[in-house]
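# got a structure for you, letters missing:
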């Protein structure tokens, strides 16, 4: 039924268009000039070239942003998921080995460095990554500065501060993700 309606609509539009075109040409509403103006052709060609150049340039920039976003998004998501994993470990454990925390922070730093390099090489501002790195570094210093017994940290005494700092870093990730979306 829908296919039949579309065909009827197309035939009706064609018929109305043909009738209007025939009527307009009979009454000389369409005054077509047969003379050629070199100046008008040059202006039209110049406008076409400029329009084509603008379209190609905008398409390149769009593709560049989309390619950058597609590549960086996966790496950014992995970095964020590693931090969420560390944050979850800190939230739900009362005693954590210093080696485990150190290993988690090293994994996070390993993922931050290539992201910064990609941002710099692609001529995008790496401010969002630097902000995340600074906050994670300060968090790392805070955690490793806590008292430990036999290389085991007791987190219960400062859980509120750890949760607060963890939430701040997650908010920083969310804001960075938002600015990353603006690139695409």
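That came in fine, so what should we check first? Just so it is clear, the model here is predicted, and its values are computed rather than measured.
# Low-confidence stretches in the chain?
Across the chain, residues meeting the criterion (pLDDT under 70) sit at 1-4, 26-34, 182-184.
# if you count residues, which helix in it comes out on top?
Counting residues, the longest helix found in the chain (DSSP state H) is helix 38-92.
# any idea which helix or strand comes after that helix?
Counting by DSSP states H and E, the element after helix 38-92 in chain order, helix or strand, is strand 95-97.
# Residues contacting that next one, please?
Strand 95-97 has contacts (C-beta atoms under 8 Å, 6 or more residues apart in numbering) with 89, 90, 151, 152, 153, 154, 155. Using the backbone N, CA and C atoms, a C-beta is placed for each residue, glycine as well.
# let's go with 6 Å and repeat that
Residues outside strand 95-97 that contact it (C-beta atoms under 6 Å, 6 or more residues apart in numbering): 152, 153, 154.
# Separate out the buried members of those residues.
Neighbour-count burial (16 or more other C-beta atoms under 10 Å) is assigned, among the contacts of strand 95-97, to residue 153.
# Can you tell me which of the contacts of strand 95-97 is closest to residue 107?
The nearest member of these to residue 107, counting by C-beta to C-beta, is residue 153 at 17.8 Å.
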